[in-house]
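**Q** Using only what follows, build the 3D model:
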Amino acid sequence: MELGGRLAPEAGSKENTLKTLRVRSSLRLILCGITLTAIVPLLISGCAQHFNMVSPTVGISASPASISIGGSSTLTVAATDATEVTVTGSDGTTSTLKSSGGSYSVSPKATTTYTAVAKGTGGSASAVVSITVMSASAPSVTITADPASIAPGSTSTVTVTATNATQVTVS
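**A** Next comes the predicted model:
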């Protein structure tokens, strides 16, 4: 029956069978052994709260939020009142987590935005976090000599300073 229709059982019948009530939002309530006239005030006064149709919540964080190329970050998702939690990255990655959320490690190759979506009986919620991937700077080398000029047979101290280098060779 549509909500607002006649809900009372027919006169003289004993209603103790499985009944289905169709509510206009396409939600189907299954009532077993309950006199339908007793539930009408409940439907009017807050069906969503009675049937646990609470909107989910979700939060997402990244630690660290900024990494170097080849580095990793941990995404942490916390959700409440959810039946399904997924995280999708702007790089095309997708992860499905348990209904309360969870943590996992990511190693994006470029700056990536991650969207956590929690779905539940009362709707859906989303949250966003970005991980910035810093590009490595070009290596540089500085060479100094002290003293800068010497006579034949004398000595000088040569200092080599390198930044953003994985190997330095002096020959």
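
**Q** any idea how far Val117 is from Gly92?
**A** Computed with C-beta to C-beta, to the nearest Å, the distance linking Gly92 and Val117 is 15 Å. C-beta: built from backbone N, CA, C; applies to glycine.

**Q** So for the two, which sits in the more crowded spot?
**A** Val117 (19 against 7; other C-beta atoms under 10 Å).

**Q** what about Ala116, which SS state?
**A** Here Ala116 is strand, with the state taken from DSSP: H, G, I helix; E, B strand; the rest coil.

**Q** Neighbours of Ala162, how many?
**A** By other C-beta under 10 Å, 13 other residues sit near Ala162.

**Q** pretty sure it is touching Ile143, no?
**A** No: assessed by C-beta atoms under 8 Å, Ala162 is found out of contact with Ile143, at 9.6 Å.

**Q** Could you report the neighbour count for Ser107?
**A** For Ser107, the count of nearby residues is 13 (other C-beta under 10 Å).

**Q** And for Ala165, nearest residue in space, chain neighbours not counted?
**A** Distance criterion C-beta to C-beta, 6 or more residues apart in numbering; nearest residue to Ala165, sequence neighbours excluded, is Pro139 at 4.1 Å.

**Q** I'd assumed Gln167 was in contact with the one you found.
**A** No: with contacts defined as C-beta under 8 Å, Pro139 does not count as touching Gln167, sitting 9.4 Å away.

**Q** Which one of these two is surrounded by more residues?
**A** Pro139 (12 against 6).

**Q** Can you give me every residue that contacts the more buried one?
**A** Ala162, Thr163, Asn164, Ala165 (C-beta atoms under 8 Å, 6 or more residues apart in numbering).

**Q** Same question for Val87.
**A** By C-beta under 8 Å, 6+ apart, the residues touching Val87 are Ile60, Leu75, Val77, Thr94, Ser95, Leu97, Tyr114, Thr115, Ala116, Val117.

**Q** Give me the buried subset of these.
**A** Neighbour counting over the contacts of Val87 (16 or more other C-beta atoms under 10 Å) leaves Ile60, Leu75, Val77, Ser95, Leu97, Tyr114, Ala116, Val117 as the buried ones.

**Q** count of neighbours near Ala118?
**A** 29.

**Q** err, Ser130, not the other one
**A** Residues within reach of Ser130, counting by other C-beta under 10 Å, total 15.

**Q** Quick check: bridge partners of it?
**A** In this entry, Ser130 is beta-bridged to Thr113, by DSSP bridges.
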